[in-house]
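> missing the sequence, but the structure's below:
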């Protein structure tokens, strides 16, 4: 039973990683669609995008550190989520292609692919770092008590 609980915890954390990256990558490839959903201009979306990403990354870091320290209690299983987020992100990205594109001006943004490659390289390092911080915080809390 403990194995199933740990597997569900790893899957939950992996899905959280995938959803957070999807929230960052989807507006890069469909900016017109996001702007029309929120009824703002594309220029406003461009200005808000980087601020939202930075604030979201900081918030995400603290949430992952807290979840890691509370759910996994210093277990190395949490590092497995640094690998398992990728299939979930691929599924989300694939399902996002099913959303119809009603704006003829909304073409493909091929320049965003370079930024996406950078994100896909750096994101597992970010996940591993935040999980390691959470594990070390839990280890220090257990040692002090």
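Cool, the structure landed. Just so it is clear, the structure is predicted and the values come from calculations on it, not from any experiment.

> tell me which element residue 114 falls in.
Using DSSP states H and E, residue 114 falls within helix 112-144.

> Check which helices and strands that helix is in contact with.
helix 2-29, helix 42-71, helix 81-96 (3 or more Cβ pairs under 8 Å, 6 or more residues apart in numbering; DSSP states H and E). (Glycine included, C-beta is placed from N, CA and C.)

> Flag every buried residue along the longest one.
So that's helix 42-71. Under the neighbour-count criterion of 16 or more other Cβ atoms under 10 Å, helix 42-71 has 45, 53, 60-61, 64-65, 67-69, 71 buried.

> can you put the residues you listed in a markdown table and add pLDDT and distance to residue 21?
Below are the buried residues of helix 42-71 laid out as a markdown table (pLDDT from 0 to 100; distance: Cβ to Cβ, whole Å):
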| residue | pLDDT | distance to residue 21 |
| --- | --- | --- |
| 45 | 79 | 18 |
| 53 | 86 | 11 |
| 60 | 88 | 10 |
| 61 | 88 | 13 |
| 64 | 86 | 12 |
| 65 | 85 | 17 |
| 67 | 84 | 16 |
| 68 | 83 | 17 |
| 69 | 79 | 22 |
| 71 | 79 | 20 |
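
> Which single one of the residues you listed is nearest to residue 9?
Of all the buried residues of helix 42-71, residue 71 has the smallest distance to residue 9: 5.2 Å, by Cβ to Cβ.

> Quick check: closest non-adjacent residue to the closest one.
Spatial nearest neighbour of residue 71, excluding adjacent residues (Cβ to Cβ, 6 or more residues apart in numbering): residue 9 at 5.2 Å.

> who's in contact with that neighbour?
By Cβ atoms under 8 Å, 6 or more residues apart in numbering, the contact list for residue 9 reads 71-72, 77.

> Residue 57 too?
Neighbouring residues of residue 57 by Cβ under 8 Å, 6+ apart: residue 126.

> and it, what pLDDT?
Note on residue 57: pLDDT of 88.

> Check residue 119 too.
87.

> wait, doesn't it sit right on residue 22?
No - judged on Cβ atoms under 8 Å, residue 119 makes no contact with residue 22 at a distance of 11.0 Å.
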